[in-house]
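Q: Based on what follows, work out the 3D shape:
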Amino acid sequence: MIAKIAAAAAAFGLVALTALPTGAFAQDQAAPSDEDMADAMSFAVNTSVMILYHEIGHLFVGELGLPVLGKNEDAADSLSAVFLLEQADEWSDEVLRDAAEGWALSPYNGKSELGDWAFMGQHSLDAQRAFFLVCMMVGNNPEYYGELATEWGLDAARQESCGYQYRQAAQSWAQLLEPFEQDEDSPAVGQITVQYDDPGELAAIAEQLQADRFLEEAAEMINEGYVIPRDMTFRATQCGESNAYYVPGDSEVKFCYEFAKHLSNLYLEDLVNPDEGDKADNDDAQ
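A: As a prediction, this is how the structure comes out:
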């Protein structure tokens, strides 16, 4: 579904480069190559998939009345990881790796220092979310992801404990969602439709999301697999911030085009200043 498509890289590059912080590229630094731009595109869309699946976690909790013990945001993170790991294919592997890297590139939600604000929020710190995702990956498949986990600094004992952590999350979600799985006795009720709103200057991003069937694939996963109580919309739109939302009052999950732009900036900023990450254009994203 998500592929590294270079055809739109040049157009996308105009969006991403103009959005980078002023002075990001010194005079003696070369601008990103077409390959870098294509990789930034892929990274942005892949990581956006994890964000969308996270919002589907909120949708399931809200629409199906599922119980959550602990942070809602952590529960949504665990569902997105479980869903992707269960697919066990090349696409989901790329999404998971890019998503972990994305959280690692923005550990302080755009602020230069870690303060009380970070501990008051609903979300775990971005760095924690990165390590959690890697832990879920190695917990699901220690043979395949063991080397990656070691590169991230997870020692053998921690990797072993990740197996329990993954199994607990997978079994819990399976038990909660089983009553809502479609079968002959419980056909579909509500349906998910998709809508791509006018992207304005972010047209290249919107075109790539549509080319990769970003919203469509997620909608089909729910429409074909689960019973939801009402019709809903998955919407990509301009929000004025880099974020994504489950909006029960509007019966929709909203993904902001600005989020994909932000993610591409993270990738490109890391090329220029690999030790600093992105300290601009990062809101308190979902």
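
Q: how about residue 78, what does it touch?
A: The neighbours of residue 78, taking C-beta atoms under 8 Å, 6 or more residues apart in numbering as the test, are 57, 132, 136, 169, 173. Backbone N, C-alpha and C define where each C-beta goes, glycine included.

Q: all helices for this structure, in order.
A: Along the chain, counting by DSSP state H, helices occupy 9-19, 34-64, 72-87, 90-105, 116-120, 126-140, 142-151, 156-177, 203-211, 214-225, 257-272.

Q: Let me know which of the ones you listed is the nearest to residue 246.
A: helix 34-64 (3.8 Å; C-beta to C-beta).

Q: That closest one vs helix 214-225, what angle?
A: Between helix 34-64 and helix 214-225, the angle comes out at 40 degrees (axes from the mean of the first three to the mean of the last three C-alpha atoms, to 10 degrees).

Q: which parts of helix 34-64 are buried?
A: 36-61, 63 (16 or more other C-beta atoms under 10 Å).

Q: where are the low-confidence patches of this structure?
A: Where the chain drops to pLDDT under 70, the residues are 1-30, 107-124, 272-286.

Q: run the last query once more with 90
A: 1-38, 41, 68-72, 88, 104-128, 183-189, 242, 265-266, 268-286 (pLDDT under 90).

Q: that older thread, dump the contacts of residue 78 into TSV; add distance to residue 248 as well.
A: TSV is the format used below for the contacts of residue 78 (distance: C-beta to C-beta, whole Å):
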residue	distance to residue 248
57	14
132	26
136	27
169	24
173	20
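
Q: of these, closest to residue 208?
A: Closest approach to residue 208 among the contacts of residue 78 (C-beta to C-beta): residue 57, at 24.2 Å.

Q: what residues are up against that closest one?
A: If you count contacts by C-beta under 8 Å, 6+ apart, residue 57 has them with 75-80.

Q: What is the nearest of those residues to residue 247?
A: residue 76 (14.4 Å).

Q: Give me the distance between the closest one and residue 212.
A: Look at residue 76 and residue 212: by C-beta to C-beta, to the nearest Å, they are 22 Å apart.

Q: quick one: which of those two has more around it?
A: In this comparison of residue 76 against residue 212, neighbours counted by other C-beta atoms under 10 Å, the higher total goes to residue 76 at 24 against 21.

Q: Name the nearest residue to that one, sequence neighbours excluded.
A: The shortest distance from residue 76 to any non-neighbouring residue, by C-beta to C-beta, 6 or more residues apart in numbering, is to residue 57 (3.3 Å).

Q: how many neighbours does residue 249 have?
A: Neighbourhood size, residue 249 [other C-beta under 10 Å]: 5.

Q: Please apply the same query to the one 3 residues further on.
A: Neighbour count of residue 252, defined by other C-beta under 10 Å: 21.

Q: Please apply the same query to residue 261.
A: Residue 261 has 23 neighbouring residues, counting by other C-beta under 10 Å.

Q: so it touches residue 202, yeah?
A: Yes. Under the criterion of C-beta atoms under 8 Å, residue 261 is in contact with residue 202, at a separation of 6.1 Å.

Q: List the buried residues for stretch 224-238?
A: Under 16+ other C-beta under 10 Å, the buried positions of stretch 224-238 are 226-228, 232-237.

Q: correction: stretch 255-267
A: By 16+ other C-beta under 10 Å, the buried positions in stretch 255-267 come out as 255-267.

Q: repeat for stretch 67-76
A: Using 16+ other C-beta under 10 Å as the test for burial, stretch 67-76 gives 73-76.

Q: Dump the residues you listed into JSON lines; add distance to residue 156 as well.
A: Formatted as JSON lines, the buried residues of stretch 67-76 follow (distance: C-beta to C-beta, whole Å):
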{"residue": "73", "distance to residue 156": "29"}
{"residue": "74", "distance to residue 156": "25"}
{"residue": "75", "distance to residue 156": "28"}
{"residue": "76", "distance to residue 156": "29"}
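
Q: quick check, nearest of those to residue 99?
A: Among these, residue 76 lies closest to residue 99 (C-beta to C-beta), at 13.0 Å.

Q: how far away is the closest one from residue 167?
A: Distance from residue 76 to residue 167, counting by C-beta to C-beta: 19 Å.

Q: Then residue 268?
A: Here residue 268 is placed at a distance of 37 Å from residue 167 (C-beta to C-beta).

Q: try residue 58
A: Applying C-beta to C-beta to residue 58 and residue 167 gives a distance of 23 Å.
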